[in-house]
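Q: I would like the atomic coordinates for the input below:
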Amino acid sequence: MAKIHGKNTVVLLGGADLSQYSSDSQLEFTSDTEDTTTYGKNSHVFDPGLLNGTGTISGFYDSTAVTGPRAVIKPMVGTKVTFIHRPEGTGSGKPQDSVSVVVTKYTQTHPVAGQIKWAADLQFSDDVNSAAQ
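A: Got it, this is the predicted structure:
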């Protein structure tokens, strides 16, 4: 089993490369379930439903006016954009997930004794394309 270091991860949101501002990202792939239990059963019976998923990106605030996370992500809240996540970095044959997302939230955290941090929450919209780069 080959272990891959997270430092090579690449994240793009709406065409903007946010990797240099990001320190954490997460993708969650989920499925709805339908309760199809009928009379006479002692336990629930479930069938799979629609696929779903969410993503988060977070990192350290950068005040760069045009390319920093605040300048790029804040205007995307409430819009649908393309999210690309490359857990092993960029390169031919490496894994990549690409999906349309609705940017549902942008957060800034301002601790008195630390760096300003930011986070963005993403709701998947449609199928995830998990083809290699």
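Q: alpha carbons only for contacts and neighbour counts from here, please
A: OK.
Q: The residue nearest the centre of the chain: which element?
A: Among the residues of the chain, the one closest to the centroid is Gly55, at 2.5 Å (CA atoms, centre = their mean). Using DSSP states H and E, Gly55 maps to strand 46-60.
Q: Now do the contacts for the residue lying closest to Gly68 once chain neighbours are set aside.
A: The shortest distance from Gly68 to any residue other than its chain neighbours is 5.3 Å, reached at Asp62 (CA to CA, 6 or more residues apart in numbering). If a contact means CA atoms under 8 Å, 6 or more residues apart in numbering, then Asp62 has Tyr21, Gly68, Pro69, Arg70 as its contacts.
Q: pretty sure Thr9 contacts Ser19?
A: Yes - assessed by CA atoms under 8 Å, Thr9 is found in contact with Ser19 at 7.3 Å.
Q: who has more neighbours, those two?
A: Ser19 (22 against 18; other CA atoms under 10 Å).
Q: follow-up on the earlier one: the helix or strand just after the strand holding Gly55 packs against which elements?
A: Using DSSP H and E, the helix or strand that follows strand 46-60 in sequence is helix 69-73. With contacts defined as 3 or more CA pairs under 8 Å, 6 or more residues apart in numbering; DSSP states H and E, helix 69-73 has these neighbours: strand 117-124.
Q: can you state the direction angle for the strand it packs on and strand 46-60?
A: Here the directions of strand 117-124 and strand 46-60 differ by 150 degrees (axes from the mean of the first three to the mean of the last three CA atoms, to 10 degrees).
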